[in-house]
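1. following is a predicted model, sequence given first.
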2 protein chains.
Amino acid sequence: MSLSHQRKKQPELVRRSLIDCAARIVAEAGVGGATIQAVADAAGVTKGGLLHHFPSKQILIEALFADLLEQLDAQLDAQLEGELEGDARSYGRFTRAYVRAMTRLSEEASNGVWTALTLAMQSEKPLRALWSGWLEARLRRHAKTDSDPSLAILRYAADGIWLAVLTEEVSSADARRKLLALIDRLSRKPLAP
Amino acid sequence: MSLSHQRKKQPELVRRSLIDCAARIVAEAGVGGATIQAVADAAGVTKGGLLHHFPSKQILIEALFADLLEQLDAQLDAQLEGELEGDARSYGRFTRAYVRAMTRLSEEASNGVWTALTLAMQSEKPLRALWSGWLEARLRRHAKTDSDPSLAILRYAADGIWLAVLTEEVSSADARRKLLALIDRLSRKPLAP
DNA sequence: TCAACGAAACCTACCGAATGGTATGTTTCG
DNA sequence: CGAAACATACCATTCGGTAGGTTTCGTTGA
């Protein structure tokens, strides 16, 4: 009855679709609320089919997370590329890109996925490992321009703002933009004497 | 078999114990992972007993959250009281107290509870209402000394640092303390010219 | 060229373990 | 004695995961 026996088998496409659908559903219902059944349905596959590609929910979530990290990487690289003003050694270069990437992610549809996965990090060690590994590598790459503690504070502030958005602290989109702009300005030179 | 039939009935103590145990377990397993059964067990009460005090898990969590807000209030007031240096009108007064209270809470055992509940806010509206209401009121109270955007950034940075603790970004306890000390210093006067 | 075969890509059916909640006792206290 | 403070037993579901089939596809060897 299912269409899967009629259409050509394209495992990579199915895999992609599964991750995309997982992203959407996780964004809506959170990691806990996203059942593999729902994800499978959304992708037009049965639960068994899903479990063929991802042997457990854990693994599916981790794959989704890794995928998002790749997207974030792409975002960051695009931002870094687009920095016309200075050479590759300009102070706070990565921090500005990071803050901007965060802003974009907060405003795009993919937002909910990040919140949900951040949420899930608390209980799932593998996700934490993925994230801290990613950030660590990235920071090492930009040690020359972004190792100042002032910049760490600004990056953390961006994280805090992003967190505040999801807790619905009234800070309007406008106020948020102003704060992020201020952060951008402050990232041009060290804060402390 | 249970001891509850032997010991004197002290509903307030049981209630307290339930909240405390809920805090510990939520800190360890997150809101989703904390089952009412586990909480009841930890408090030496049956599930039915727990549900007598808190008719649903929702209500238990909200009670826990409200309790933590009270603790935070107490912490904050203590910090504000202890500020010897200036009068009640000194710039960034509340922000410093906020950062310090956060620090203390992060280092105490109650740490994981905050992370878990903050993250749980995403899915639970009542919790968001509690928090944003609390913060709004508090900010209004200290509008005279702490309305500068620079200070907002510093408070957000404290939030971000605190969030990073749970994602296990390597930032050691030592590095964290240094950052918080820097924030404290930066809170003495506006950052931007 | 093509039949055969084995592996990969699915599907159907089922299970079992949690878990939140209910309904109904039984004990204790004022 | 009545109400509060518990306990016991049970229920309804949900959900992740397993077992074993069936279909599709690429490869291989004659």
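-> Ah, there it is.
2. CA atoms for contacts and neighbours, from now on please.
-> Noted.
3. of all the helices and strands in chain A, which has the lowest average confidence?
-> The helix or strand of chain A with the poorest confidence is helix A:111-121; it has a mean of 84 (mean pLDDT, DSSP states H and E).
4. would you mind finding the longest helix in chain A?
-> helix A:57-82 (DSSP state H).
5. just the buried residues of the next helix or strand after it, please?
-> Of the helices and strands lying after helix A:57-82 in sequence (DSSP states H and E), the nearest is helix A:93-107. Neighbour counts over helix A:93-107 (16 or more other CA atoms under 10 Å in any protein chain shown) mark A:93-103, A:105-106 as buried.
6. go on, stretch A:115-129?
-> Neighbour count says stretch A:115-129 has A:115-124, A:127-128 buried, by 16+ other CA under 10 Å.
7. just confirm residue A:123 contacts residue B:30, I think it does.
-> Yes: between residue A:123 and residue B:30 there is a contact at 6.3 Å, judged by CA atoms under 8 Å.
8. that older thread, which one of the buried residues of stretch A:115-129 is nearest residue A:161?
-> residue A:115 (12.5 Å; CA to CA).
9. is it true that that closest one touches residue A:166?
-> Yes: contact between residue A:115 and residue A:166 holds when scored by CA under 8 Å: they sit 7.4 Å apart.
10. now do the shared contacts for the two.
-> Overlap of the contact sets of residue A:115 and residue A:166 (by CA atoms under 8 Å, 6 or more residues apart in numbering or on different chains) consists of residue B:122.
11. is the longest helix of chain A up against chain B anywhere?
-> No: remark: helix A:57-82 sits outside contact range of chain B, by CA under 8 Å from any CA of the partner chain, the gap being at least 13.9 Å.
12. okay, the angle between that helix and helix A:111-121?
-> 120 degrees (axes from the mean of the first three to the mean of the last three CA atoms, to 10 degrees).
13. quick one: neighbours of the residue of chain A at minimum distance from chain B, just the number.
-> Ranked by CA to the nearest CA, the top residue of chain A for proximity to chain B is residue A:157, at 3.6 Å. Number of residues near residue A:157 (other CA atoms under 10 Å in any protein chain shown) recorded here: 26.
14. that one and residue B:107: what is the separation?
-> Per CA to CA, to the nearest Å, residue A:157 is found 20 Å from residue B:107.
15. now do residue A:105
-> Going from residue A:105 to residue B:107 by CA to CA gives 31 Å.
16. could you do residue A:113 as well?
-> 29 Å.
17. contacts only, for the nearest residue to residue A:112 once chain neighbours are set aside.
-> Nearest residue to residue A:112 in three dimensions, chain neighbours excluded: residue A:27, at 4.3 Å (CA to CA, 6 or more residues apart in numbering or on different chains). Applying CA under 8 Å, 6+ apart, one finds that residue A:27 lies in contact with A:110-116.
18. hmm, try it at 10 Å
-> Neighbouring residues of residue A:27 by CA atoms under 10 Å, 6 or more residues apart in numbering or on different chains: A:21, A:33-34, A:109-117.
19. then residue A:57?
-> A:31, A:34-36, A:50-51, A:63.
20. where does pLDDT dip in chain A?
-> Where chain A drops to pLDDT under 70, the residues are A:1-9, A:84-88, A:109-110, A:170, A:193.
21. for residue A:112, give its distance to residue A:42.
-> As judged by CA to CA, residue A:112 and residue A:42 stand 18 Å apart.
22. between the two, who's got more neighbours?
-> Taking neighbours as other CA under 10 Å, residue A:112 and residue A:42 compare with residue A:112 leading, 23 against 17.
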